[in-house]
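> Sequence and predicted structure, then a few things I'm wondering about:
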Amino acid sequence: MDKIYYLASCDTCRKIIKSLPKDHNLKFHDIKQDPITVAELEQMRELSGSYEALFSKKAQLYKSMDLKNKSLTEDDYKKYILEHYTFLSRPVFIIKDKIYIGNTQQNMHQVMLAFANV
């Protein structure tokens, strides 16, 4: 089943969800209410190629923990994403075993194309 990992309290995520085609068949996963599991994160990593691709460097915690001045490994990215939902770049769509990470205009265009081809 196609899925979206999002944050219900995020205005950008809510706006994106409202813009989705009405006939989509997505399973919604609010990462704050229902933290992602190791298995879910590993599936995302398999599809994206790395934990770093899933990691949000825009997160407030990233700045407050001064992580930009540390040399983070893949294990670090995984650990931080599992420790706190804010480190997952949002939203993450998995549509037909393809992953779309983040809210860039180009990424959202690709998501809409994926829905058109479903």
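Yep, that arrived.

> List the residues that contact residue 29.
3-6, 36, 40 (CB atoms under 8 Å, 6 or more residues apart in numbering). Every residue, glycine included, has its C-beta placed from N, CA and C.

> residues touching the residue nearest the centre of the chain, list them.
Residue closest to the mean C-alpha point of the chain, counted by CA atoms, centre = their mean, is residue 92 at 3.0 Å. By CB under 8 Å, 6+ apart, the contact list for residue 92 reads 4-6, 44, 54, 99-102.

> Would you format the contacts of residue 29 as JSON lines with distance to residue 111 and secondary structure included?
As requested, the contacts of residue 29 are exported to JSON lines (distance: CB to CB, whole Å; DSSP: H, G, I helix; E, B strand; the rest coil):
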{"residue": "3", "distance to residue 111": "12", "secondary structure": "strand"}
{"residue": "4", "distance to residue 111": "9", "secondary structure": "strand"}
{"residue": "5", "distance to residue 111": "13", "secondary structure": "strand"}
{"residue": "6", "distance to residue 111": "12", "secondary structure": "strand"}
{"residue": "36", "distance to residue 111": "19", "secondary structure": "coil"}
{"residue": "40", "distance to residue 111": "19", "secondary structure": "helix"}
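
> Which member of the contacts of residue 92 is positioned nearest residue 25?
residue 4 (11.1 Å; CB to CB).

> before we move on, back to that, and the residue nearest to the centre of the chain, what are its phi and psi?
phi -120, psi 120 (degrees, to the nearest 10).
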